[in-house]
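Chemist: Curious how this folds, go ahead:
(2 chains)
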Amino acid sequence: MIINQMEITFKALSINEGFARACVAAFCVQSNPTLDELTDIKTAVSEAVTNSVVHAYPKKAGDITIKVELNDDNSVSIQVIDYGIGIKDFKKACEPFYTTKPEQERSGMGFTVMESFMDNITLSKNNPSGLIVTMEKKFASSSNLAVGE
Amino acid sequence: MQIKSRVYNNTLYVVLCGELDEHTAYHTRHTLDEIFDKNDFRQIIIDLSELDFMDSTGIGVLIGRYKRMKDRGISIFICNPSSHAEKIFKMTGLYDIMPKIS
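Modeler: A predicted model of the protein is given here:
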C-alpha cells in the first residue's frame, strides 16, 4: 500500500539531472534507507533521466516527469516518464554496451547500471508517445513512516 | 566539476572534484584533453577521492580518454574510487584497460 507519493516535472535538460536525483533521494530519506541505498537510487535515477535527455527529444527538449511512491512494505517505486520518440527495441536497448550514439563516447551501460542498482526495472511505452522506466527497490531497514502519521 | 592536475616524476596526477554526469561530461572531457595535450608525461593517475557522484556517462568519458592516450602509448590508472564508482567499473570491465592502484 502506498503511504506517500510525489511527482515532479522538469525540462529534459542535462542541468536538471543533479536536481532530479537529489530531489528523489531527499524524498526517499523518510523511508530510512542506508547511504548506499540512497546512492543506488541517485545513480539509477540519473541513468534514466540521462537517457531521456539524450535520446527522447532530438529536436526540442520536452518534459520529463518523475513519480515516486513509498510503500508500507518499505519499498520505493520510481517512474521516469518522457513524452519523446520512445524506444523501438527494448531488448536491444538493454543489452550491455549497446548505444545508438557511439560517436558521442557513450558507454551504452545505462540500463545495465539501473538493473544492477535496483531490484526491478521495466520499460514500457508511454501513450501516445515516449518511454516509461519503472524501477523498484526494497530498503533493508524498517521505515520511519507509519500509516496515517 | 573541478579538475586539479600536476606532473611529478613523469606521471600526470589528475584529481576529479565534483559530480560526473551528462551535464558535466563535456567540460570534463575537454579539460582533460587540454591537460593531456599541454603536458609531457609517461603515465596518468586519475584520483577519484573527491568525486561525489558518477553514473555510466563517466565510463564513456574515461574510455574516450583511454583511446586517445593509447595512441600515444600512455597508460592510465585509477585510484581512490567510491564503492559505487567501483561497482560501475567492475560491471563495465573498465579496470581491464585502466587498472586500479592504491
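Chemist: Quickly check: the least confident helix or strand in chain A by mean pLDDT near chain B or not.
Modeler: Lowest on mean pLDDT, DSSP states H and E among the helices and strands of chain A sits helix A:90-93, with a mean of 90. No - judged by Cβ under 8 Å from any Cβ of the partner chain, helix A:90-93 and chain B are separated, with a smallest distance of 13.4 Å. Yep, even glycine has a C-beta here, placed from its N, CA and C like the rest.
Chemist: I figured B:Y66 hits B:M98, correct?
Modeler: Yes - counting by Cβ atoms under 8 Å, B:Y66 touches B:M98, with 6.0 Å between them.
Chemist: so what's in contact with the two at the same time?
Modeler: Shared contacts of B:Y66 and B:M98, defined by Cβ atoms under 8 Å, 6 or more residues apart in numbering or on different chains, comprise B:I76.
Chemist: Have a look at the two and say which one is more surrounded.
Modeler: B:M98 (20 against 16; other Cβ atoms under 10 Å in any protein chain shown).
Chemist: need the contact list for the more buried one.
Modeler: By Cβ under 8 Å, 6+ apart, the contact list for B:M98 reads B:I46, B:L62, B:Y66, B:I76, B:F77, B:I78.
Chemist: The same query, at a cut-off of 6 Å, please.
Modeler: Residues near B:M98 by Cβ atoms under 6 Å, 6 or more residues apart in numbering or on different chains: B:I76, B:I78.
Chemist: Quick check: the gap between B:K87 and chain A.
Modeler: In this view, B:K87 and chain A are 7 Å apart by Cβ to the nearest Cβ, to the nearest Å.
Chemist: What sits closest to that residue if chain neighbours are left out?
Modeler: Excluding the flanking residues, the one nearest B:K87 by Cβ to Cβ, 6 or more residues apart in numbering or on different chains is A:S116, at 7.1 Å.
Chemist: Near chain A, which residues of chain B? Just list them.
Modeler: B:D21, B:E22, B:H23, B:D55, B:S56, B:I59, B:G60, B:G64, B:H84, B:M91, B:T92 (Cβ under 6 Å from any Cβ of the partner chain).
Chemist: Show me those that map onto strands.
Modeler: Among the residues of chain B next to chain A, DSSP state E puts none in strands.
Chemist: Show me where chain A has its strands.
Modeler: Taking DSSP E as the criterion, chain A contains strands spanning A:2-11, A:63-71, A:75-82, A:120-125, A:131-138.
Chemist: ok, the second one: who's next to it in the sheet?
Modeler: So that's strand A:63-71. The sheet places strand A:63-71 alongside strand A:2-11 (antiparallel), strand A:75-82 (antiparallel), with pairing taken from DSSP bridges.
Chemist: buried residues in the last one?
Modeler: By neighbour count, and taking 16 or more other Cβ atoms under 10 Å in any protein chain shown as the criterion, the buried residues in strand A:75-82 are A:S75, A:V76, A:S77, A:I78, A:Q79, A:V80, A:I81, A:D82.
Chemist: OK, contacts around the closest residue to B:D55 other than its chain neighbours?
Modeler: Excluding the flanking residues, the one nearest B:D55 by Cβ to Cβ, 6+ apart is A:S46, at 4.3 Å. When contacts are counted by Cβ under 6 Å, 6+ apart, A:S46 touches A:E17, A:R21, B:D21, B:D55.
Chemist: Relative to B:V7, how far out is the first one?
Modeler: Using Cβ to Cβ, to the nearest Å, we find A:E17 at a distance of 33 Å from B:V7.
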